[in-house]
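Colleague: predicted model and sequence follow; I will ask about them next.
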Amino acid sequence: MNNNRQKGILYIVVPCYNEEEALETSANALLNKLQELKQKDVIDDKSKIVLVDDGSKDRTWNIIEQFYKEDKNIIGLRFAHNRGHQNAILAGMMYAKKYCDFTITIDADLQQDINAMEDFISEYVKGSEIVYGVRNSRKTDGLFKKLSATMFYKSMRIMGCDIYENSADYRLMSSKALEALSEYSEVNLFLRGIIPDIGFKTSVVYFDVFPRMQGESKYSLSKMLTLAADGITSFSIKPIRMVFGMGILALLVGFIMVIHIFYEHYFGYTVSGWSSILMSVWILGGAVLLSLGIIGEYVGRNYMETKRRPRYYFWEVLSSEDPENSFNDVKEE
Ligand code: UDP
Ligand code: MG
């Protein structure tokens, strides 16, 4: 692998699902971009484009084969089934990790401005391990997409997931960041949440979004809902904590009620049976909610454990005992 941060090997990763209408135009545009970047001496000559066919049912794979035959800068990967956008991106990045210094992921419809790639690369050269693409505006989206996206990012924040608003999966990752990402072995994948969890030095690049030129959106409503559910549930056990909080609140109200009920009972303002029923409703209700919260806490912890996320990874290592395995960004002369 090339150690020169000035001119690294770039692999552009493109997830493609039923993209027969768009792929030819976009693959050509990407190849031109790759050529341009090589000519400008921004990236290494070994840089390539990885097209990941996410189990398409149309001619997508034939197109990829054709491109591969004509241009060896193309790499084709094909899933046997439709595994979803997030898995397609991950597969492409994990494949590329072995050969490149950094990857940029971009959608196959090229709605995202490919000219922003230079900005991504210059942030990488300056030392960022992860560069997020954040869209300038949502002007090109329909009202429904705009509303649902805003709601989604808001609820993610409330649930405690650290996520850049309007950050699409247009993103640069260095090989070091990819190595860290490969340690996350969870099945419900939500890259926009996991990647900020990695840490490391990051920066942001703003880009324009265009309307889709060919074909239709491959993100059906059900795919969007699944993504949202994955995002919320894979990052937080806050909903369980809310139940716990409600239990405590109900118990508190219960105790205040007990005092109130005794007072009313003592002065004889009550109908018979009222005091005992009301007391049991509040105290028992609170106790049930609290117990659910406690059980939930264990279930939640169990859930987090089963993900087997990495506890830590080193950003840099300086060690004279083991210089072989030392790594940091300062290159020795
Ligand atoms: N995609 C994928 N698998 C899927 C759905 C979508 O690989 O199951 C890809 C698709 O080919 C495109 C990217 O994910 O490259 C984003 O999809 P799309 O442009 O349809 O989403 P939108 O821009 O409408 O949110
Ligand atoms: Mg799109």
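Modeller: Here it is on my side, so go on. Ligands and ions are numbered 1, 2, ... in the order given.
Colleague: need the phi and psi values for residue 206.
Modeller: phi -90, psi 140 (degrees, to the nearest 10).
Colleague: correct me if wrong: it contacts residue 134.
Modeller: Yes - here residue 206 reaches residue 134: they are 5.6 Å apart, a contact under CB atoms under 8 Å. Yep, even glycine has a C-beta here, placed from its N, CA and C like the rest.
Colleague: which strands and helices sit next to the helix or strand containing residue 241?
Modeller: Element membership for residue 241, per DSSP states H and E: helix 238-266. Applying 3 or more CB pairs under 8 Å, 6 or more residues apart in numbering; DSSP states H and E, we find helix 238-266 packed against helix 274-306.
Colleague: buried residues in the helix it packs on?
Modeller: 275, 278-279, 282-283, 285-286, 289-290, 292-293, 296, 300 (16 or more other CB atoms under 10 Å).
Colleague: before we move on, what about stretch 59-68?
Modeller: For stretch 59-68, by 16+ other CB under 10 Å, it's 59-61, 63-64, 66-67.
Colleague: would you confirm that residue 34 belongs to a strand?
Modeller: No - checked against DSSP: H, G, I helix; E, B strand; the rest coil, residue 34 lies outside a strand; its state is helix.
Colleague: that one and residue 44, how far apart?
Modeller: Taking CB to CB, to the nearest Å as the measure, residue 34 falls 11 Å from residue 44.
Colleague: neighbour count: the two, which is higher?
Modeller: residue 34 (21 against 18; other CB atoms under 10 Å).
Colleague: please give me every residue in contact with the more buried one.
Modeller: Contacts for residue 34 were tallied using CB atoms under 8 Å, 6 or more residues apart in numbering; they are 10, 12, 43, 47-49, 73.
Colleague: for the stretch 1-150 of the chain, what lies in contact range of ligand 2?
Modeller: When proximity is defined by CB under 5 Å from the ion, the stretch 1-150 of the chain lies next to ligand 2 at 107, 109, 111.
Colleague: can you list those in JSON lines and add pLDDT and secondary structure?
Modeller: Below are these laid out as JSON lines (pLDDT from 0 to 100; DSSP: H, G, I helix; E, B strand; the rest coil):
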{"residue": "107", "pLDDT": "95", "secondary structure": "coil"}
{"residue": "109", "pLDDT": "92", "secondary structure": "coil"}
{"residue": "111", "pLDDT": "91", "secondary structure": "coil"}
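Colleague: drop anything exposed from the residues you listed.
Modeller: Using 16+ other CB under 10 Å, the buried ones in these are 107, 109, 111.
Colleague: go back to those and keep what's next to ligand 1.
Modeller: 107, 109, 111 (CB under 6 Å from any ligand atom).
Colleague: pretty sure the second one contacts residue 211?
Modeller: Put plainly, it is residue 109. No - checked against CB under 8 Å, the pair residue 109 and residue 211 is beyond contact range at 9.4 Å.
Colleague: mind putting the buried residues of helix 274-306 in a markdown table, distance to residue 176 and pLDDT included?
Modeller: Putting the buried residues of helix 274-306 into a markdown table (distance: CB to CB, whole Å; pLDDT from 0 to 100) gives the following:
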| residue | distance to residue 176 | pLDDT |
| --- | --- | --- |
| 275 | 66 | 78 |
| 278 | 61 | 81 |
| 279 | 61 | 81 |
| 282 | 55 | 85 |
| 283 | 55 | 87 |
| 285 | 52 | 89 |
| 286 | 49 | 89 |
| 289 | 45 | 90 |
| 290 | 45 | 90 |
| 292 | 42 | 91 |
| 293 | 40 | 90 |
| 296 | 37 | 89 |
| 300 | 31 | 87 |
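Colleague: much appreciated, bye for now.
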